[in-house]
Each structure stands twice: as C-alpha cells, then as structure tokens.
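1. Predicted model, plus sequence, below.
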Amino acid sequence: MTAAEASFYDALVLNPHTPYLGRVEDSPYLPMYRAAAALVPAGESVVELGCGTGRLGKMLIDAGHRYIGLDFAPKLIREARRYNGRAADFRVADLRTDPIPAADCYVATEVLEHLDDDL
C-alpha cells in the first residue's frame with residue numbers, strides 16, 4: 001500500500017458516517033469480528049494485520065488476549081489507540097516490509113485484498 005492509499009483509507013474510514021467508527025457492538029462487521037475472535041484459543045497472544053480502527057482488537061483485548069494491532073494508515077492507528085485506551089499496543093507498520101511481531105496467532109480481516117499480489 002502506498003502513502004496515497006493509506007491517506008485514502010484514513011479519509012474513508014474516519015468519515016463520521018462510516019461503520020468503522022462507533023462502538024464495536026454497533027458495527028455491521030460484528031458477526032465477522034465474533035467469528036474471528038472465536039478462532040483464537042484462550043490466553044494466546046494475537047497480532048492483527050491491518051487492524052484499522054481497533055474494533056476487533058477491543059474484542060480480543062476484552063477476552064484477555066495479549067494483543068498487537070498493525071496498520072499502515074497513521075490516522076487509523078490513532079483512532080484505534082483512542083478507542084482502546086492504554087489496553088493495547090497499536091503500531092503503524094507496512095506489512096510488506098516491516099517485521100511482524102511474534103505471536104501465537106495472527107488475524108487479518110478485510111486486509112489481504114488491499115495488499116500487492118507480490119507479497
């Protein structure tokens with residue numbers, strides 16, 4: 001993803017009328033988040049690739065997982081930090097080039113289709 005693409009997603013997702021903001025319980029993506037969270041065994045560490053605004057991260061954190069969220073778009077990371085407070089570790093990262101932290105489990109929802117084919 002290029003810097004221009006990251007800016008596009010920052011603007012799109014942070015639009016006040018988008019479903020990416022607000023409480024996770026109100027998200028139209030809640031069924032997908034629940035399904036993804038249910039696949040993570042209890043107590044395991046999780047790295048979410050393309051964490052966006054941190055809504056799935058909140059579910060994983062609330063379930064007691066050690067969590068790191070990665071996203072290329074800085075404004076999305078700021079929103080994830082705001083939404084989750086100090087309970088999580090959110091980082092700006094380029095999934096193509098930056099090291100991915102070690103974890104027991106990796107989660108990626110709504111992200112792989114945005115990465116280059118040569119990843």
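-> Received, thanks.

2. center of this structure, which residue is that?
-> By CA atoms, centre = their mean, the chain has its centre lying nearest to residue 51, at 0.9 Å.

3. ok, and the closest non-adjacent residue to that residue?
-> Nearest non-adjacent residue to residue 51, counting by CB to CB, 6 or more residues apart in numbering: residue 69, 3.1 Å away. The way it works is simple: take the backbone N, C-alpha and C, and place the C-beta from them, glycine included.

4. Do you know the pLDDT at the one you found?
-> What the model reports for residue 69 is a pLDDT of 97.

5. For it, give me phi and psi.
-> In terms of degrees, to the nearest 10, the main-chain angles of residue 69 are phi -110, psi 130.

6. number of nearby residues for it?
-> The number of residues packed near residue 69 is 29, by other CB atoms under 10 Å.

7. for residue 92, same thing?
-> Residue 92: 15 surrounding residues under other CB under 10 Å.

8. That one against residue 72, yeah?
-> Yes: the criterion here is CB atoms under 8 Å, and residue 92 meets it with residue 72 at 6.8 Å.

9. Can you name the residues that contact the residue lying closest to residue 49 once chain neighbours are set aside?
-> Of all residues not flanking residue 49 in the chain, residue 108 sits nearest, at 4.1 Å (CB to CB, 6+ apart). For residue 108, the contact set (CB atoms under 8 Å, 6 or more residues apart in numbering) comprises 48-50.

10. now do residue 81
-> Residue 81 neighbours (CB under 8 Å, 6+ apart): 54, 88, 90.
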